[in-house]
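>>> what follows is a predicted structure for the sequence shown.
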Amino acid sequence: MLDTRNLVIAAALSFLLIVGWDYGMRYFYPEASISAAVSPEADAPVASKVEGPAAGDLASAAPDAARRGDPAMSGPVDLSSALESGTRVAIDAPRVAGSINLVGARIDDIVLKDHRESVDKDSGPVRLFAPDRTEVQHFAELGFVTGDGKLPADTLWQANGEQLTPETPVTLTHEADGLTYRIELSIDDNYMLTARQSVSNSGSSGAIVQPFALLKRTSRTATADEFLVHSGPVGVFGGSLFDGNNYEELAELGRDTPPGQPAWLGFTDRYWLSALIPGDGEGAVNRAGFYSLGDGLFSTELRYDAQPVPAGQTLAQETRLFVGAKESKLLDAYEEGLGIENFGLAISWGWFQIIEKPLLWLLRNLNALTGNFGVAIILLTVIIRGLLFPIAQKQFASMAQMKAVQPKMKAIQERYKDDKQKQQQEIMKLYKDEKVNPLAGCLPLLIQIPIFFALYKVLILAIEMRHESFIDFWIRDLSAPDPWTILNLFGLLPYEVPGFLGIGVLAILLGITMWLTFKLNPSAMDPMQQQIFNIMPWILMFVMAPFAAGLLIYWVTSNILTLAQQSYLYSRHPQLRAQAEKDRAEMAKKSAGADGDAKKKGKA
């Protein structure tokens, strides 16, 4: 009766674990990041006052209009209507397309040619930048502040070309009050634009000019900020990565200006990044920070020192703009080639970067060999288990030794059953005399935990895994959960099953293969312990069901290899097989005895 009650309690606790896990996943991995409203008046940063012979007060000259939006141009705008404007210069590079808005000198139209919105092949390219006041607004603006204030947001710039390509740079020009403003734009073959902002003074008196570059975006299109995947403000300041706040937290703060000089700063999603990188120029960065504008709108800016431009002189400042996919190899190449400090940390690798990057490198090469990332994951599993095979041999040797000393251990437990301290001392002496390490069997598991965690991070962070299929009619995205679940009749019904109820084919295979590994490796334990080990694989089946399909493929393959490995090593250790058969008989006897006692109590 006691065993039955304990089993019911264990089952109830297991159910609570599953429900609690699902609730925790929804709490830590929300569907969307909701930003609280903050007063734009309270959050507008103030520029430094510049002292000098011809200096003006720049306190009111910060690019606030661009951050808040022009009051005269309030109200939502349709995306297609905004992009139909005739005041645009096309962008056509190998990996991006879009346009530059000559009104305000804004880069506000960027799509990625080689990344789709969804797994559907006709879903269209991913859009990263969109014009101001559209529902998906996200753009960069380049401009200047003078003693008279910021150039108006509706300033119309002139372009010397109709298309920006890697071979054809474009220069935007605007003249006002004896000053000629230029923004020379170029783009490489990937996702990096370079803007050289300059001011030439053809007047008779000096001027004070402050170049700036900013990003503005809505959080409505942001991916969820998760425990392991940051979404929101990001940058490197003073050599250290800054990714402390998500959009909701920034909305509560209003503004955040990290200390130290910025190497780069911007906004990150799971797979995408828009970032400003200060370049060569005559002025140091005067201010760099992140700002909440209210209504789910946010901005970040690079504001350079205000510099005097005497008559007949020119001031120039360079800024780079990255807008594209967070491809690890590309970010590292920019970090090394352009000297952008810690640019690779735009991907939230975390502490296990030393394992994650080699795993990603190996997956890339295996995919190049096989043409399928699912097959690459299977081969990766085989390689990892092959490398761990010598350790597994030692594990099984340790198990054989442990089995051999079981009779002596039971004798010690019986002899000192009333003196637990003495019992532990004698058991430890037995281990030492017999040269047995009871923890040796845990070593393969301890080694695999960081590998498993690192692979999980690679699957959810690496853009290479996004929309990569294993079997086209089944698993079309290895970074997403298994779409074939019991409750949608394994893909026959056209809907997704949320939460822990989404038990798919891979989760079922995981439960079965794990149960078989437990059955193939029995040890002497009481019936209650055996029952717990029997239900543990099915608990893990529920817990792991919402994880990426690629991770479950790894675990299922690992379990299958474990079964094969155990069968092989049992054949190499006859004493271990004999002890296992003895354990089975002993467990069967205990189970039969427990059932008999329960029947007697029932009759009584």
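That came through, no problem.
>>> from here on, just use CA atoms for contacts and neighbour counts.
OK.
>>> low-confidence stretches in the stretch 151-300 of the chain?
Residue ranges of the stretch 151-300 of the chain with pLDDT under 70: 281-283.
>>> for it, what spans make up the strands?
158-159, 163-164, 170-176, 179-187, 192-201, 207-218, 232-237, 240-242, 255-256, 262-268, 272-281, 285-294, 297-304 (DSSP state E, counting those that start in this stretch).
>>> could the ones you listed go into CSV alongside distance to residue 355 and mean neighbour count?
Supplementary listing: those in CSV, determined by distance: least, CA to CA, whole Å; neighbours: other CA atoms under 10 Å:
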stretch, distance to residue 355, mean neighbour count
strand 158-159, 48, 18
strand 163-164, 40, 21
strand 170-176, 43, 17
strand 179-187, 33, 21
strand 192-201, 28, 21
strand 207-218, 33, 26
strand 232-237, 22, 25
strand 240-242, 19, 17
strand 255-256, 32, 20
strand 262-268, 23, 26
strand 272-281, 22, 22
strand 285-294, 32, 23
strand 297-304, 32, 25
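>>> which residues touch residue 161?
The contact partners of residue 161, taken as CA atoms under 8 Å, 6 or more residues apart in numbering, are 89, 170, 171.
>>> next: residue 367.
If you count contacts by CA under 8 Å, 6+ apart, residue 367 has them with 373, 375, 376.
>>> what's it sitting at in phi/psi?
Recorded main-chain torsions at residue 367 are phi -70, psi -40, according to degrees, to the nearest 10.
>>> need the contact list for residue 325.
With contact taken as CA under 8 Å, 6+ apart, residue 325 is in contact with 191, 271, 272, 273, 463.
>>> so the fourth one sits right up against residue 235, yeah?
No: look at residue 273 against residue 235 with CA atoms under 8 Å: they stay out of range, at 10.7 Å.
>>> joint contacts of these two?
Common contacts of residue 273 and residue 235, defined by CA under 8 Å, 6+ apart, comprise 266, 346.
>>> is it true that residue 372 touches residue 469?
Yes: judged on CA under 8 Å, residue 372 makes contact with residue 469 at a distance of 7.3 Å.
>>> neighbour count: these two, which is higher?
Comparing residue 372 with residue 469 by other CA atoms under 10 Å, the one with more neighbours is residue 469, at 21 against 17.
>>> which residue is the nearest non-sequential neighbour of the more buried one?
Of all residues not flanking residue 469 in the chain, residue 476 sits nearest, at 4.0 Å (CA to CA, 6 or more residues apart in numbering).
>>> still on that earlier bit, distance to residue 432 added to the contacts of residue 161, as TSV?
Converted to TSV, the contacts of residue 161 look like this (distance: CA to CA, whole Å):
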residue	distance to residue 432
89	78
170	77
171	79
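>>> what is the nearest of these to residue 225?
Of all those, the one sitting nearest residue 225 is residue 89; the distance, using CA to CA, is 34.3 Å.
>>> need the CA coordinates for the helix or strand hosting the closest one. CSV is fine.
Of the helices and strands defined by DSSP states H and E, residue 89 is found in strand 88-92. Extracted in CSV, the C-alpha atoms of strand 88-92 (Å, rounded to 0.1, in the frame of the first residue of the first chain):
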residue,chain,number,x,y,z
ARG,A,88,14.2,57.6,-53.4
VAL,A,89,17.6,56.1,-54.5
ALA,A,90,17.5,52.3,-55.0
ILE,A,91,19.9,50.0,-53.2
ASP,A,92,20.9,46.8,-55.0
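>>> so the next helix-or-strand element following it versus strand 192-201, what angle?
Under the assignment DSSP H and E, the closest C-terminal helix or strand after strand 88-92 is strand 96-101. Strand 96-101 and strand 192-201 are oriented at 20 degrees to each other (axes from the mean of the first three to the mean of the last three CA atoms, to 10 degrees).
>>> tell me the strands beside strand 96-101, with direction?
strand 88-92 (antiparallel), strand 106-116 (antiparallel) (DSSP bridges).
>>> go through that strand and flag the buried ones.
By 16 or more other CA atoms under 10 Å, the buried positions in strand 96-101 come out as 96, 97, 98, 99, 100, 101.
>>> which one is the last one nearest to, not counting chain neighbours?
Nearest residue to residue 101, sequence neighbours excluded (CA to CA, 6+ apart): residue 88, at 4.8 Å.
>>> from what I can see that neighbour touches residue 99, true?
Yes: Residue 88 is in contact with residue 99 according to CA under 8 Å; the separation is 6.1 Å.
>>> mutual contacts of those two, please.
Both residue 88 and residue 99 lack any common contacting residue under the criterion CA under 8 Å, 6+ apart.
>>> residue 369: neighbour count?
Using other CA under 10 Å, residue 369 is surrounded by 12 other residues.
>>> pretty sure residue 304 sits against residue 284.
Yes: counting by CA under 8 Å, residue 304 does reach residue 284; the two are 5.6 Å apart.
>>> so for stretch 322-341, what gets flagged as buried?
Of the residues in stretch 322-341, those buried under the neighbour-count criterion (16+ other CA under 10 Å) are 322-328, 331-332, 334-335, 340-341.
>>> any chance of these in CSV, plus secondary structure?
Supplementary listing: the buried residues of stretch 322-341 in CSV, determined by DSSP: H, G, I helix; E, B strand; the rest coil:
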residue, secondary structure
322, strand
323, strand
324, strand
325, strand
326, coil
327, coil
328, helix
331, helix
332, helix
334, helix
335, helix
340, coil
341, coil
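>>> between those, which sits nearest residue 457?
For residue 457, the closest of the buried residues of stretch 322-341 turns out to be residue 328, at 13.0 Å, with distances computed as CA to CA.
>>> which one is that closest one nearest to, not counting chain neighbours?
In space, and not counting its chain neighbours, residue 328 is closest to residue 344: 6.5 Å by CA to CA, 6+ apart.
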